[in-house]
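Chemist: Following is a predicted model, sequence given first.
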Amino acid sequence: MFINNSIEYVTILIALMNLGAVPVMVKLEYRKLELLDIFHNCRPQAVITEETHLQFLKPFLTGIVVIARSGTRLRLLQGSQQRLQAIEIADDIATVNYTYRGYGYPIGALVPHRQYLHGAEVLQQGLQGKPGERMLVILPMSHIFTLVGCIVTPILFHMTTVIAQTIHPRMIFQCIRKCSIDYLTSVPQIYSLLLRLQEESAYLSSLQAFVSGGSLLTAEDYRNITEGFAVELLHGYGLTECTPVSRNIRGGAKAGTIGPVCDKIECRINASAGNNNGEILIKSSYMSKAYLNRNWETREVFEGDWFKTGDRGCFEGEHLIFLEEIKNTRKINGNIVDLKEVRKAILLDDQISEVDIQYQNNSLSAYCGISEKINFPSKVRELKNSLRGLVAEYKIPKTFNKLR
């Protein structure tokens, strides 16, 4: 599925599940390098895509059924002369959701139906939403956070999802006023942006709470956002393999934390002697247990029944605190970026001999080994242009420097 946020997205998703198909939601931002890995790994029998997105998918569509969306209309563009052999996937699997662990390529988590149902239940315990209340969606629906929090939760608990197709602050503020939005679900960076560009708070009187996840939220940012908008901010923590793991609860949210661990999830910190922090390990019967066609990667992240998150944290009373990623990934505005994949994309240029990728202040910097004979500013422009065809825009380093 390569579909923009829309009612059609929800309709297609539910229809496919009802048919017994397994949807694979893919980001529209992904380009050649990411798509090569995903198509090779999941070998889809059909693709449902925005018609305007076909230009990026054409190399991968041979022998595959293609259905295109234009506006509210779906039409069959390409049938399949020969039915492709489906990959065997257990009946309890709802979707395949691609994520990163720092291997240099995306891996497809096999997400069971029970993960969606459990995730919605524990999110609702934190949110305490009421029937008829309205939730504004601005994050892509391909994110597990959005799928659980903004599609399944409202459906199960009779709330209304309002779909925004922009993150432009002025348009978001207009939508909140016009639709009397009660809840907004997003990442901390978006809330900070809205705070910098906020309008008169009186216009946003319907807002009750912000639901936050996907990235680090500092105690300072928590206080600034809650005071600036006079709303509760419910920050939580989850992964594609288990969403959510923890979440703050209305009336008991605590600055700088990702909240108490959710019901029916066990969590412990793999700390060394004398430390109170270490890798966050989780165990649950409601989480993903494997990656599609990735047996080695599956074995590597599980220690018995315990899932190694690749994130460092600690406990403060009942509240879990996220400290940092220890796997070879970083977050850019809530999006996972695999540093090894970015390095691999840059090294496809045969004039680059070595690359070191550094992360700081929500952006990437690339340090490149290159001959002194090559004009470096010109090469940087060339690199940026080529990378736009290889990886998502948000993965392209902000700055390029020569390796010393």
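Modeler: That came through fine. Quantities reported herein were computed from a predicted structural model and do not represent experimental measurements. Numbers count the residues shown, from 1 in each chain.

Chemist: is it true that G129 touches T153?
Modeler: Yes. Between G129 and T153 a contact is recorded at 7.5 Å, counting by CB atoms under 8 Å. For glycine as for every other residue, the C-beta is placed from the backbone atoms N, C-alpha and C.

Chemist: Share the number of residues neighbouring the residue nearest to I151 when sequence neighbours are not counted, please.
Modeler: Distance criterion CB to CB, 6 or more residues apart in numbering; nearest residue to I151, sequence neighbours excluded, is V10 at 5.8 Å. V10 sits with 19 neighbouring residues when counted by other CB atoms under 10 Å.

Chemist: next one: S378
Modeler: So S378, with other CB under 10 Å, has 9 neighbours.

Chemist: State the next helix or strand along the chain beyond the helix or strand it falls within.
Modeler: Using DSSP states H and E, the element containing S378 is helix 376-388. Where DSSP H and E defines the elements, the next helix or strand beyond helix 376-388 is strand 399-402.

Chemist: Can you give me the buried ones in the helix holding S378?
Modeler: 379-380, 383, 387 (16 or more other CB atoms under 10 Å).

Chemist: roughly how far is that helix from the heart of the chain?
Modeler: Put simply, helix 376-388 sits 27 Å off its chain's centre (CA atoms, centre = their mean, to the nearest Å).

Chemist: Could you name the helices and strands sitting against it?
Modeler: helix 339-346, strand 363-370, strand 399-402 (3 or more CB pairs under 8 Å, 6 or more residues apart in numbering; DSSP states H and E).

Chemist: which residues sit against it?
Modeler: 31, 345-346, 348-349, 351-352, 368, 370, 395-396, 400, 402 (CB atoms under 8 Å, 6 or more residues apart in numbering).

Chemist: Show the average pLDDT along it.
Modeler: Averaging pLDDT along helix 376-388 gives 96.

Chemist: Restricting to C-alpha, output that helix in CSV.
Modeler: C-alpha atoms of helix 376-388 as CSV (Å, rounded to 0.1, in the frame of the first residue of the first chain):
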residue,chain,number,x,y,z
PHE,A,376,34.0,19.0,-3.4
PRO,A,377,31.1,21.6,-3.5
SER,A,378,30.2,20.4,-6.9
LYS,A,379,30.3,16.7,-5.7
VAL,A,380,28.0,17.6,-2.8
ARG,A,381,25.4,19.0,-5.1
GLU,A,382,25.7,15.9,-7.3
LEU,A,383,25.4,13.6,-4.2
LYS,A,384,22.3,15.3,-2.9
ASN,A,385,20.6,15.0,-6.3
SER,A,386,21.4,11.3,-6.6
LEU,A,387,20.4,10.6,-3.0
ARG,A,388,16.9,12.0,-3.6
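
Chemist: among the helices and strands packed on helix 376-388, which is the most enclosed?
Modeler: Of all the helices and strands packed on helix 376-388, helix 339-346 has the most neighbours on average by mean count of other CB atoms under 10 Å, namely a mean of 21.

Chemist: angle of it against helix 376-388?
Modeler: 110 degrees (axes from the mean of the first three to the mean of the last three CA atoms, to 10 degrees).

Chemist: same for helix 339-346, what does it pack against?
Modeler: helix 32-42, strand 352-360, strand 363-370, helix 376-388.

Chemist: what angle separates the helix holding S378 from strand 352-360?
Modeler: Using the same axes, to 10 degrees: helix 376-388 against strand 352-360 is 80 degrees.

Chemist: N4 against L28, yeah?
Modeler: Yes. Assessed by CB under 8 Å, N4 is found in contact with L28 at 6.8 Å.

Chemist: okay, and the common contacts of those two?
Modeler: Common contacts of N4 and L28 (CB under 8 Å, 6+ apart): E50.

Chemist: for the chain, what spans make up the helices?
Modeler: Along the chain, the stretches classed as helices by DSSP state H are 7-19, 32-42, 54-57, 113-127, 144-146, 153-156, 169-179, 188-196, 219-229, 295-301, 339-346, 376-388.

Chemist: and the shortest one, what does it pack onto?
Modeler: Spelled out, that is helix 144-146. For helix 144-146, the packing partners by 3+ CB pairs under 8 Å, 6+ apart come out as strand 232-239.

Chemist: Report the rounded mean pLDDT for the strand it packs on.
Modeler: In this model, strand 232-239 has a mean pLDDT of 97.

Chemist: quick one: contacts of it?
Modeler: Taking CB under 8 Å, 6+ apart as the rule, strand 232-239 contacts 99, 119, 123, 126-127, 144-145, 188, 191, 208-213, 217, 222, 225-226, 244-251, 253, 257-259, 309, 320, 322.

Chemist: In its sheet, which strands sit next to it, and in what direction?
Modeler: The strands beside strand 232-239 in its sheet (DSSP bridges) come out as strand 209-212 (parallel), strand 242-247 (antiparallel).

Chemist: would TSV of the helices and strands packed on helix 376-388 with mean pLDDT and distance to I138 be doable?
Modeler: Formatted as TSV, the helices and strands packed on helix 376-388 follow (pLDDT from 0 to 100; distance: least, CB to CB, whole Å):
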stretch	mean pLDDT	distance to I138
helix 339-346	98	26
strand 363-370	96	21
strand 399-402	96	28
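
Chemist: Any chance of the ones you listed in CSV with distance to K178 as columns?
Modeler: CSV is the format used below for the helices and strands packed on helix 376-388 (distance: least, CB to CB, whole Å):
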stretch, distance to K178
helix 339-346, 40
strand 363-370, 34
strand 399-402, 40
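
Chemist: Pull the number of nearby residues for the closest residue in space to A290 that isn't next to it in sequence.
Modeler: Nearest residue to A290 in three dimensions, chain neighbours excluded: T298, at 4.7 Å (CB to CB, 6+ apart). Using other CB under 10 Å, T298 has 17 neighbouring residues.
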